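1. Predicted structure and sequence below. I'll ask about it afterward.
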Amino acid sequence: MKDEIFRLTPLDVRRMEFPKSMRGYDAARVDDFREQIADELERLTRANQDLEANVRSLTEQLRGFRDRDKALNDALVSAQQLRAEVREQSEREAQLILREARSEADRIVQGAQMDAMRFSDQITLLARMRRGYLKQFRVMLERQLAEIAVEEDVPDPDPAAIIGEEQEPEPPASNPRSGALFRG
């Protein structure tokens, strides 16, 4: 028999009456045994009810744990996706920063190269100007030296003749225009 078809309660056992027969069982012993069976059935029924309540409680806990487990798994998946997205975003930003830095470095290098070329051109121009200045200065000095040399060959006018008195001519070394300072 299946458990669903045949249900026996302690009250059923206690109320069960057996017909009397001539050669039957001892009625007192049957009543005692029936009472023991009813008590045991009551105990088992209570234990079964406790176990069913425990099973319901554990089932609810299990459902709660499964819900939490599902929530944790969902959170973990979301966190992994977020981590992947953050990593990708960080890598994109790093690439962008790197490209910008390289672009800026190229711009700075080009600017420095242009400055170097401009300075080189200025240095070349200044060197040309210096050579021109030195050449002009040399020509001027040579002209001055030539004038000084011409003046050394011409005797100094006699101041006395100009004033009307006779004086002795001074020696050429004391003449400030004689070029003694430049010959030394």
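-> Yep, that arrived. Residues are numbered from 1 along each chain as shown.
2. pull the longest helix from this structure.
-> Longest helix in the chain, counting residues (DSSP state H): helix 27-153.
3. That helix packs against which elements?
-> Here helix 27-153 touches helix 10-15, going by 3 or more C-beta pairs under 8 Å, 6 or more residues apart in numbering; DSSP states H and E. The C-beta positions use only the backbone N, C-alpha and C, and glycine is treated the same way.
4. With just CA atoms, put the helix it packs on into CSV.
-> Only the C-alpha atoms of helix 10-15 are listed here, as CSV (Å, rounded to 0.1, in the frame of the first residue of the first chain):
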residue,chain,number,x,y,z
PRO,A,10,-3.2,7.3,16.7
LEU,A,11,-6.9,8.0,17.3
ASP,A,12,-7.7,5.3,14.7
VAL,A,13,-5.6,2.8,16.6
ARG,A,14,-7.2,3.7,19.9
ARG,A,15,-10.8,3.5,18.6
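5. What residues sit buried inside it?
-> For helix 10-15, burial by neighbour count (16 or more other C-beta atoms under 10 Å) applies to Pro10, Val13.
6. how about the residue in the chain sticking out farthest from the centre, secondary structure?
-> For the chain, the residue at maximal distance from the C-alpha centroid (C-alpha atoms, centre = their mean) is Met22, at 102.6 Å. Following DSSP: H, G, I helix; E, B strand; the rest coil, the label given to Met22 is coil.
7. For the closest residue to Phe18 other than its chain neighbours, give its distance to Leu11.
-> Of all residues not flanking Phe18 in the chain, Val30 sits nearest, at 6.6 Å (C-beta to C-beta, 6 or more residues apart in numbering). To Leu11, Val30 is 17 Å away according to C-beta to C-beta, to the nearest Å.
8. Tell me, please, the helix or strand in the chain that averages the lowest pLDDT.
-> Of all helical and strand segments in the chain, the minimum by mean pLDDT, DSSP states H and E falls on helix 180-183, at a mean of 44.
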